[in-house]
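**Q** I would like to see how this sequence folds:
(2 chains)
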Amino acid sequence: MDKPFAITLDVGTSLANKTGSWRTTRPVYVDRLPPCNDACPAGENVQGWLFHAEAGDYEAAWRLLVRDNPMPAVMGRVCYHPCEGACNRGTIDAAVGINSVERFLGDLAIRRGWRLDAPAESTGKRVLVVGAGPSGLSAAYHLRRAGHAVKIVEAGPAAGGMMRFGIPKYRLPRDVLDTEIRRILDIGVEIELNRKVTDVRAEREAGGFDAAFLAVGAHIGKRAYIPAGAAARIVDAVSVLRGMEGEEKPMLGRRVVVYGGGNTAIDVARTAKRLGATEAIIVYRRTREKMPAHDFEVEEALQEGVLIKWLSTIKNVAGEATLTVEKMALDDKGYPQPTGEFETLEADSLVLALGQDVDLSLLDGVPGLVIRDGVVEVGPNMMTGHPGIFAGGDMVPSERTVTVAVGHGKQAARHIDAWLSGGEWRPPARHEIAKAENLNPWYYADAPKTVRPMLDALRRTSTFDEVQGGLDEGNALFEARRCLSCGNCFECDNCYGVCPDNAVIKLGEGRRYRFNLDYCKGCGICASECPCGAIRMEPERN
Amino acid sequence: MEMQTVRFYQTGTFTVGNRLLAPHERSVQAEAQRANALTSGHRACQGCGEALGARYAIDAAMRATGGKIVAVNATGCLEVFSTPYPETSWQIPWIHSLFGNAAAVASGVAAAMRRKGTDDVRVIAQGGDGGTTDIGFGCLSGMFERNDDVLYLCYDNEAYMNTGVQRSSATPPAARTATTPAMGPEPGNVFGTGKNVPLIAVAHQIPYVATASVANLRDLEYKVTRAMEFRGARYVHIHVPCPLGWGSAPADTIKVARAAVESGLFPLFEAVNGEIVSSTKIRRRTPTADYLRLQKRFAHLFQPGGEARLAHIQAIAERNIVKFGLEGTGA
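**A** Here you go, the predicted structure:
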């Protein structure tokens, strides 16, 4: 024993002291559901594709995006982005411009000619899709990817549905729409145009289809009874917007009155302005707060010189051009009530934008179907009461937007795919939502939202050029990097750094971290300093 | 459209690491191969700010010197929890002598290095606030005055925690400790006493003095690295919350330290050759009450009658903000 005086033990490392035994709570890495993903009607993994975009890997971002939604360039223009409404960054400064980054990715994909992945091996099953609107195209894309043979039958002269015959060009340029539709057809989706399916059962039988997905949309303009002379020019908004796609543009005259308060009313009023109307007046029976149209669209319309008469109804049309308008007042419950005060408006045409009905004639005589309030009832699996016939989009009860329709198409495709193999598709369990209080916003620097450029006012009222511009690579990257990565580890090394016990093991790029429970004392600093809420403390069981 | 500079907004420069940065631009603590000078198995309490601050500082010094450092430790929590014989958590040459003589021992080690001609091995002395501002103060002042080539790191947790939370000359006013109980008409530590050792170090006109906090890793690593660029006496004073002594939740260690900085109670600055040359700006101004409320040692301030003393503490913070120029844009 050659140890110094009074020394009896060798020096050892403290690694022999497993301080993990002190622990009463343990940290666990979790993936919480980002609110944007939760809010997306098309079920996009928004946080996931932003993660790639932040690193400048735009192709990886786009590929992850199109796994859920094959039309990012369209979405980046027409989606009402409920994701941004839910974005936790909104509690710090302003929501991440998810929609503008989506458009950037979509446009980049068009510019670079990126193509969708080839479909899976053929299953030998055939699926009929009726209608080539957003819902039908989305279903066709997802079904084809799963390896099924898909045929779309479309009544109109071109694919796109309301994206083409409802949304004006200044919001969605047609070359963008055409390219994204073409890309879907290119993976092997068959389409037949200019043929209306009149009997879905016969169609299914004749074509040997194993299942059918109906997505005919809602494109019959609702009428309201307004006493009018024979000379009055009254048209419906859907016909006007559809007419814009033809050779002959609709003749609306110099003074146009639009009756209604939805997005379609706004679209048609803005279209009338561009067609040369000196006056485009929207008559709506309630107030701006109650208007179903999105506020930014109302704002853009006002900027373009569209006038809006709030709290007004149209009583009758006298002669060719004189409308009688009655003022309304909201009652205690917020419903408009007549006041007996009248005024007159001169108008060359009156456009009714009062909502749309579904043409359900193709379903005549199909047993088991339930139709309520003019739309088709479907189960949680998107199947109608008739086995093998599924439906989605505007013809089923839903919020009528392009994004919801795309989401229906995806969901229906999953259920059809499972149904065709005799199974049932069960959505995976959802993670808990990553709420603002799960985050530690200290670690996010202030960064104002990037505003997209707008076309100047003169060109907005004289041409159909696109109103809203896109981001370029520089500011798209900036915007993507504003994402907080709610509930999902983005490898910031905070847990690894802040552990006083050196009990977090860094596994290397893309592999995240692991807790070394031999030494973790359970203090919880990692969880409270995790910027994105990806660590949860759980009680030790014993 | 106006051009905007693309920065790392998601991860900021505030997180420890950042997958979007080149490896050499990341913090020392983000490195998979960091020195881990104070390794696992030490017996510090859960959420110990001092254990964290010591690893941050020594790892940064290790990178700055290529791993060539010797550390001299004063008696205190850091010494006790890291080296209960026969175990040690230190992965560097390390020596402990007495409570009050770390600065003097370090001066001796530096002299030995000079005598041996090994000028690439750098010497660090470290201790808590008790061993630095009270018991070791004479040796520290001597080390400064002789301008010995030592970096002295003080981990300030504002009382003698190792022996049961007794007041030190770094204990802030109103803080309850075992020797300043929260009783009587003036509960807790008295106002108007204590020492500001960083400013005393500045008054010695030594080459480099800085204050740092475990809540601002980038700033702390920068200051330790900068200190290693100088020869002669250097002093870095690091604010390290003590969950046990302060009565704060172990998970809140960094949150508490951050509130001290953001309220202005613990100003971060650096001084070269006796002149304050920069201060770290407050990013999100916090009322001092938000800092105090997280700690049971200040609970009495939130009882009826505590208002005047709360206002007094707020006034101290506001004076710091003006004196050290803590507001405005900057780092």
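
**Q** what bits of chain B have low per-residue confidence?
**A** Within chain B, the segments meeting pLDDT under 70 span B:1-13, B:329-331.

**Q** where along it do the helices fall?
**A** Counting by DSSP state H, chain B has helices at residues B:49-65, B:77-82, B:102-116, B:129, B:137-146, B:197-203, B:217-227, B:243-246, B:253-263, B:288-292, B:307-323.

**Q** show residues contacting the second one.
**A** Put plainly, it is helix B:77-82. A:14, B:38, B:42-44, B:48, B:50-51, B:54, B:73, B:88-90, B:96, B:126-128, B:155, B:157, B:161-162, B:242 (Cβ atoms under 8 Å, 6 or more residues apart in numbering or on different chains). For glycine as for every other residue, the C-beta is placed from the backbone atoms N, C-alpha and C.

**Q** just to revisit the earlier point, which one, of the helices of chain B, ends up nearest to A:P427?
**A** helix B:253-263 (37.4 Å; Cβ to Cβ).

**Q** close to chain A, is that closest one?
**A** Yes - counting by Cβ under 8 Å from any Cβ of the partner chain, chain A is contacted by helix B:253-263 at B:T253, B:I254, B:K255, B:R258.

**Q** residues contacting the second one?
**A** The neighbours of B:I254, taking Cβ under 8 Å, 6+ apart as the test, are A:V498, A:I525, A:S528, A:E529, B:G49, B:V214, B:A215, B:P241.

**Q** distance of it relative to B:C242?
**A** Separation of B:I254 from B:C242 (Cβ to Cβ, to the nearest Å): 13 Å.

**Q** so where do the strands sit in the stretch 201-350 of chain A?
**A** A:211-214, A:220-221, A:234-236, A:255-259, A:279-283, A:307-309, A:312-318, A:322-330, A:336-346, A:349-352 (DSSP state E, counting those that start in this stretch).

**Q** for chain B, what's the nearest residue on the stretch 1-150 of chain A?
**A** Nearest to chain B, among the residues of the stretch 1-150 of chain A, is A:S14, at 3.4 Å (Cβ to the nearest Cβ).

**Q** surely that residue is in contact with B:S40?
**A** Yes - the criterion here is Cβ atoms under 8 Å, and A:S14 meets it with B:S40 at 7.1 Å.

**Q** any common contacting residues for those two?
**A** In contact with both A:S14 and B:S40: B:S89, using Cβ under 8 Å, 6+ apart.

**Q** report the buried residues of stretch A:404-418.
**A** Counting neighbours by 16 or more other Cβ atoms under 10 Å in any protein chain shown, one finds that the buried residues in stretch A:404-418 are A:404-417.

**Q** between these, which is closest to A:T19?
**A** Checking those one by one against A:T19 (Cβ to Cβ), the nearest turns out to be A:R414, at 48.0 Å.

**Q** report all helices and strands that the strand or helix carrying that closest one contacts.
**A** In this assignment (DSSP states H and E), A:R414 forms part of helix A:402-420. On a contact count with 3 or more Cβ pairs under 8 Å, 6 or more residues apart in numbering or on different chains; DSSP states H and E, helix A:402-420 meets helix A:72-78, helix A:134-145, strand A:211-214, strand A:389-391.

**Q** helix or strand right after that helix?
**A** Using DSSP H and E, the helix or strand that follows helix A:402-420 in sequence is helix A:457-462.

**Q** for that next one, packing partners?
**A** Partner elements for helix A:457-462 (3+ Cβ pairs under 8 Å, 6+ apart): helix A:263-274.

**Q** follow-up on the earlier one: turn the residues of helix B:253-263 next to chain A into CSV, columns for distance to A:G319.
**A** Shown next, in CSV, are those (distance: Cβ to Cβ, whole Å):
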residue, distance to A:G319
B:T253, 81
B:I254, 77
B:K255, 74
B:R258, 74
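
**Q** tell me the two of those residues that are most distant?
**A** Spatial extent of those (Cβ to Cβ) is set by the pair B:T253 and B:R258 at 9.6 Å.

**Q** show me which of these two is the more surrounded one.
**A** Higher neighbour count among B:T253 and B:R258: B:T253, with 32 against 23, using other Cβ atoms under 10 Å in any protein chain shown.

**Q** verify the stated contact: that one with B:L244.
**A** No - between B:T253 and B:L244 there is no contact under Cβ under 8 Å: 10.9 Å.

**Q** common neighbours of those two, please.
**A** With Cβ under 8 Å, 6+ apart, B:T253 and B:L244 have no common neighbours.

**Q** ok, A:T91 - contacts?
**A** Counted by Cβ under 8 Å, 6+ apart, A:T91 has contacts A:A436, A:P441.

**Q** next up, the contacts around the most centrally placed residue in chain A.
**A** With distances taken as Cα atoms, centre = their mean, A:T403 lies nearest the centre of chain A, 3.4 Å away. A:T403 is in contact with A:C40, A:P41, A:A42, A:M75, A:C79, A:Y80, A:P82, A:P134, counting by Cβ under 8 Å, 6+ apart.

**Q** top of those by neighbour count?
**A** Ranked by neighbour count (other Cβ under 10 Å), these have A:P134 at the top, with 33 neighbours.

**Q** residues touching the closest residue to it other than its chain neighbours, list them.
**A** Counting by Cβ to Cβ, 6 or more residues apart in numbering or on different chains, A:A405 is the residue found nearest to A:P134 once chain neighbours are left out, at 4.0 Å. Residues counted as contacts of A:A405 (Cβ under 8 Å, 6+ apart) are A:G133, A:P134, A:S135, A:S138, A:A215, A:G217, A:G392, A:G393, A:D394.
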